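[1] I'd like to go over a predicted model; first the sequence, then the structure.
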Amino acid sequence: MEVKAEKKGNRTTYSIAGRVDTITAPDLEKAVSFEGASDIVFDLKDVEYLSSAGLRFFLGAQKTMNAQNGKMKLINIRPDVRRVFELVGFDALITME
């Protein structure tokens, strides 16, 4: 898995590539900074697989941003990955474009 961060103003976009699973989710947690964040976007265009560990990361990220009165959204989600979010009902909790 690869994570690239791009900051523009108060928005940080994290572009993620590869698999987000039990092995890589801890690396994703280390790569993402929520300190002082008010607007975070996760670009999932190149995410090919998402496991329950990945779901836990994104749910935790949303809870963190809610606690900080910040905004978070997921963009460019592949249909098969989007389906995982929908199956567990996270599409009602997390903004996805």
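    Looks like it came in fine.
[2] what about Leu44, which SS state?
    strand (DSSP: H, G, I helix; E, B strand; the rest coil).
[3] what is the burial count for it?
    24 (other Cβ atoms under 10 Å). In this view, the C-beta of every residue, glycine as well, is placed from N, C-alpha and C.
[4] how close does it get to Asn69?
    Distance, Leu44 to Asn69, using Cβ to Cβ, to the nearest Å: 24 Å.
[5] for stretch 71-81, measure first residue to last.
    Start-to-end span of stretch 71-81 (Cα to Cα, to the nearest Å) is 21 Å.
[6] give the contact list for the nearest residue to Thr22 once chain neighbours are set aside.
    Leaving aside its chain neighbours, Thr22 sits nearest to Ala53 (4.5 Å; criterion: Cβ to Cβ, 6 or more residues apart in numbering). Contact analysis of Ala53 by Cβ atoms under 8 Å, 6 or more residues apart in numbering lists 20-22, 25.
[7] assumed Ala53 was part of a helix.
    Yes - judged by three-state DSSP, Ala53 forms part of a helix.
[8] roughly how far does it sit from Asp27?
    For Ala53, the distance to Asp27 (Cβ to Cβ) stands at 11 Å.
[9] equivalent analysis for Ser15, please.
    In this view, Ser15 and Asp27 are 14 Å apart by Cβ to Cβ.
[10] these two: who's more crowded?
    Comparing Ser15 with Asp27 by other Cβ under 10 Å, the one with more neighbours is Ser15, at 18 against 14.
[11] so what sits opposite Arg19 in the bridge?
    In this entry, Arg19 is beta-bridged to Tyr49, by DSSP bridges.
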